[in-house]
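Asks: got a predicted model here, sequence first, then my questions.
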Amino acid sequence: MTRSPAYPTPTVNPPVRPHTPPRRARVVALAVLAGILLALLWSFELVDKVIGDTVANTLLGHDAKSTAIAGTAAGLLFAFVSGFAGTFTACNIAMAASIGPMSQAGGDHGSAGGRSALRAMLRPVGWLTLGMVAVSATYGAVGVLLGDRLPQLSTATVDGVPVRLIQSSVVFGLIGLALTYLGLAALGVLPDVFARRPVARVVAMGALVGGFLIGRPYPLFHKLFQWAADTGNPLYGAAAFTLQSLGNVVLVTVLFAAVVLASRGRFLRWMADPARAAVVTGGLLVALGVFTVVYWDLRVPAYFGVGWFPSMPYN
């Protein structure tokens, strides 16, 4: 029996599959290799002392480590400056991976020129800041209330390993795994819960950046944390930790804004291509996620004789 022309045979559209970039296995392999290589070559002496301490001492006008924090205003200034000085430390460098997600959450992608590009730039920065501040402010308040009960403020050791570094290894290990998952999801290797919610991905990235403070052993941050705990005021703790996080991301935010504005939104339109965005976003997230796990869960313990990891002559 033939079907009447009035009732045409319905067409069945193939299921929509999430976009996956070509040669994704190569992208993943190169990103993993880059993360491991970065963990091997990383010099904490250079980024913590030469860069971090020099920047902090210059901006504060005195020795940031040895000079006591004198009062609330000085403490809040110290929070922001020490956060900025710690931009390139191993406990913060992974925030560079936020550039990819932010470029995908710009909305109109700067299609109307400079003013639209400015709006497209401010939107993802705002969402990143929201996720970051929610975590850092909460931890600042809780940290002041708990004080020395937190391993992060402890001077104790377990088999020669500082307790605060054990907390760092656990926290950064989890954050590194989360970043790696987000990267693999962006590349289409794993399910992407943010496939239709690029803004949610930026908020989640902000929360992970805020979570850096939960594991950070950076000496200037330890000094800030101890000062905040000594005040006994959770509001000071929340404000100080918020400023620390803002200092951590100010350079990346400025660079992102400069690229968007200088290109009059063309960078955002360039990143609007699904395959290109997946490679850039996924590659950055996987590389920095792997670096975070390898550095904090393999290299740092090996430094204290737990396990083994190759070292460079300058480490």
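Replies: Received, thanks.
Asks: what comes up buried for the strand or helix carrying Pro101?
Replies: For Pro101, the host element (DSSP states H and E) is helix 99-104. Judged by neighbour count (16 or more other CB atoms under 10 Å), helix 99-104 contains these buried residues: 99-104. Placement of C-beta: from N, CA and C, glycine included.
Asks: which other helices and strands contact the following helix or strand past that helix?
Replies: Downstream of helix 99-104, the next assigned helix or strand under DSSP H and E is helix 114-146. With contacts taken as 3 or more CB pairs under 8 Å, 6 or more residues apart in numbering; DSSP states H and E, helix 114-146 sits against helix 99-104, helix 198-215, helix 219-231, helix 234-262, helix 266-271.
Asks: contacts only, for the closest residue to Val203 other than its chain neighbours.
Replies: Leaving aside its sequence neighbours, Val203 sits nearest to Gly131 (CB to CB, 6 or more residues apart in numbering; 3.9 Å). By CB atoms under 8 Å, 6 or more residues apart in numbering, the contact list for Gly131 reads 202-210.
Asks: one more pass at 10 Å, please.
Replies: By CB atoms under 10 Å, 6 or more residues apart in numbering, the residues touching Gly131 are 98, 200-211.
Asks: quick one: end-to-end length of stretch 65-77, please.
Replies: Criterion CA to CA, to the nearest Å; first-to-last residue distance in stretch 65-77 is 14 Å.
Asks: now do it: everything it contacts.
Replies: With CB under 10 Å, 6+ apart, stretch 65-77 has contacts from 49, 53, 56-57, 59-61, 78-79, 82, 219-220, 222-224, 226-228, 230-231, 233, 236, 239-240, 242-244.
Asks: for Ala302, grab the count of nearby residues.
Replies: 14 (other CB atoms under 10 Å).
Asks: ditto for Pro310
Replies: 10.
Asks: dump the residue contacts of the residue nearest to it when sequence neighbours are not counted.
Replies: Leaving out its chain neighbours, the residue that sits closest to Pro310 by CB to CB, 6+ apart is Leu40, at 6.2 Å. Residues in contact with Leu40 (CB under 10 Å, 6+ apart) are 291, 294-295, 298-299, 309-312, 315.
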